[in-house]
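> Test case, fold it:
(chains A, B, C and D)
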There are 2 protein chains.
Amino acid sequence: MNKAEILIIDDEPQIRKLLQINLESNDYKVVQASTGKEGLMLSASHPPDLILLDIGLPDKSGHEILQELREWYNRPIIILSVQDNETDIVSALDNGATDYLTKPFRTGELLARIRSAVKRSQNTENSPIISCGDIEIDLVARIVKRNNEAIKLTSTEYNLLALFAKNEGKVLTHQYLLKEIWGYSYQTETQYLRVFVGTLRKKIEENPNNPQHIITESGVGYRFQ
Amino acid sequence: MNKAEILIIDDEPQIRKLLQINLESNDYKVVQASTGKEGLMLSASHPPDLILLDIGLPDKSGHEILQELREWYNRPIIILSVQDNETDIVSALDNGATDYLTKPFRTGELLARIRSAVKRSQNTENSPIISCGDIEIDLVARIVKRNNEAIKLTSTEYNLLALFAKNEGKVLTHQYLLKEIWGYSYQTETQYLRVFVGTLRKKIEENPNNPQHIITESGVGYRFQ
DNA sequence: GGACATCTTTACAAAATCTTTATAACTGCA
DNA sequence: TGCAGTTATAAAGATTTTGTAAAGATGTCC
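You can find the predicted model right below:
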């Protein structure tokens, strides 16, 4: 199973270190940024599963970063702050923060709030297995089966298929798919999609030349059924 | 839009009263229960949009109530508690609580956390569907059905039909349609429209020679009904 | 360091879609 | 009826989009 990835945006090295140690020992992969700008770049080039954002950054206010992130990033953002005033908290929550903790925080509580947020964002109607015709996807174990036989997928292939399955029936645009899987800054790389849809079809379709699961919506995107 | 409904489960009347006043003045509908048992009954008979649950109840511990609720209730549950110990918080969050506030709480913060939770739980709701006789258009999934059977449309055909459907009954001029679908500089290309209305009629009309949905308004434009 | 899996990029063929042209059909009116 | 203006349909041509194979690049694990 792949580790969930967490991006820490905080200018204090000792806080970053503390978080890193705690998160890594709880089986998260950690990426760090010391400025808001760096955080925005990192999240755009490779979207993490959750962002821990310090409000008091040197270059830009955390509120600005939050707003910029929320223009496209829709996974959890937990705010960490020394500020314990209500205005800050309310404004952060209303601007799309998932949660708000004041420093010093209790590590156990932070971890629990991270677990809770990640679980909710993976939000699959509390059924961890998506079934769709002859395809079965176990979102917890990250295993895909076709006619009860396990299929070997690379990490990107799996992420793409899981995203499709979570949105069964809906047309997902190229832009959206690229943004979710590769990151905000990859929105124009539609050729990636063609290649990966191609390999996915070879693995999950009965007849890849006449796909029954991943349907092309020409000019728009793809649809999973 | 209907008011969101909030169920308060708390044994202290003065807290309930305080919450009630604050919530109602923020346009929520409020239902109250003074015991865990009553709360379970009320939520089962008429599920609210969000539950505020006090941990320290006289009959059953709030943790038990939480677990029982989570067996079937998947909208937000926010815990209110005088307990500020980490064990309680972690256990509540891991048992499916959406958030955890310690009393005394700040009203503005509670309201912001409620807004945040409600917003998040709502954006997984189903998509709006425009229905029009035997035609059904799902604007989010980008799917068109006739007599419950999916119809394959090209991107331009779909855009045109969606535009028609959003303006059901109104006459849309050639100019307007061309401007919306093709762009400002195509306003004189009425032949495009004829071609695409033609293919659309073939796909969605019972008898394309006697269209019932896309009606020609000679010299002006088209009307969808 | 080298074998291996995976991702990225390139090139080209195939398919789908859009645009244009030609022609037929309809409508209202003298 | 015949005419002018508008609309409908079919089909050829042009363009865009998609699919596939394969080579190059990158990273990982021993």
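
> Every contact and neighbour count from this point should use C-alpha atoms.
Will do.

> Spatially central residue in chain A, please.
The residue lying closest to the centre of chain A (CA atoms, centre = their mean) is residue A:49, at 3.6 Å.

> Any chance you could list what contacts the lowest-mean-pLDDT helix or strand in chain A?
Every helix and strand in chain A was compared by mean pLDDT, DSSP states H and E; the lowest is strand A:129-132, with a mean of 89. Residues outside strand A:129-132 that contact it (CA atoms under 8 Å, 6 or more residues apart in numbering or on different chains) are A:136-140, A:165-166, A:225.

> List, out of those residues, those positioned next to chain B.
When these are checked against chain B using CA under 8 Å from any CA of the partner chain, none falls in range.

> where does chain A dip in pLDDT?
Along chain A, segments meeting pLDDT under 70 span A:1-2, A:123-127.

> Contact residues of it facing DNA strand D?
A:190-191, A:194-195, A:197-198, A:201, A:208-209, A:216-221 (CA under 7 Å from any atom of the strand).

> do that again at 10 Å, thanks
Within chain A, the positions near DNA strand D by CA under 10 Å from any atom of the strand are A:173-174, A:190-202, A:207-211, A:214-222.

> Buried among those? Make that a ChimeraX selection.
Here is the ChimeraX command that selects only those of the residues of chain A next to DNA strand D that count as buried (16 or more other CA atoms under 10 Å in any protein chain shown):
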select /A:174,193,197,200,201,208,214,215,217,221,222
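
> Just the ones in strands from the residues of chain A next to DNA strand D, please.
Secondary structure assignment (DSSP state E) places A:173, A:214-217, A:221-222 from the residues of chain A next to DNA strand D within strands.

> Count the neighbours of the closest residue to residue A:129 other than its chain neighbours for me.
Using CA to CA, 6 or more residues apart in numbering or on different chains and skipping residues adjacent in sequence, the residue nearest residue A:129 is residue A:138, 4.4 Å away. Using other CA atoms under 10 Å in any protein chain shown, residue A:138 has 15 neighbouring residues.

> does the helix or strand where residue A:150 lies come close to DNA strand C?
In this assignment (DSSP states H and E), residue A:150 forms part of strand A:149-151. No. Judged by CA under 10 Å from any atom of the strand, strand A:149-151 makes no contact with DNA strand C; its nearest approach is 11.1 Å.

> tell me what that strand is packed against?
strand A:143-146 (3 or more CA pairs under 8 Å, 6 or more residues apart in numbering or on different chains; DSSP states H and E).

> Give me the contact list for the strand it packs on.
Here strand A:143-146 makes contact (CA under 8 Å, 6+ apart) with A:134-138, A:150-153, A:204.

> Whether it contacts DNA strand C - can you check?
No. Using CA under 10 Å from any atom of the strand, strand A:143-146 stays clear of DNA strand C, with a minimum separation of 13.0 Å.

> As a check, name the ranges of all strands in chain A.
Under DSSP E, chain A gives strands at A:4-9, A:28-33, A:50-54, A:77-81, A:99-102, A:129-132, A:135-138, A:143-146, A:149-151, A:171-173, A:214-217, A:221-224.

> Redo the ones you listed as CSV? Include distance to residue A:121.
Converted to CSV, the strands of chain A look like this (distance: least, CA to CA, whole Å):
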stretch, distance to residue A:121
strand A:4-9, 12
strand A:28-33, 16
strand A:50-54, 9
strand A:77-81, 11
strand A:99-102, 13
strand A:129-132, 16
strand A:135-138, 16
strand A:143-146, 19
strand A:149-151, 25
strand A:171-173, 18
strand A:214-217, 24
strand A:221-224, 20
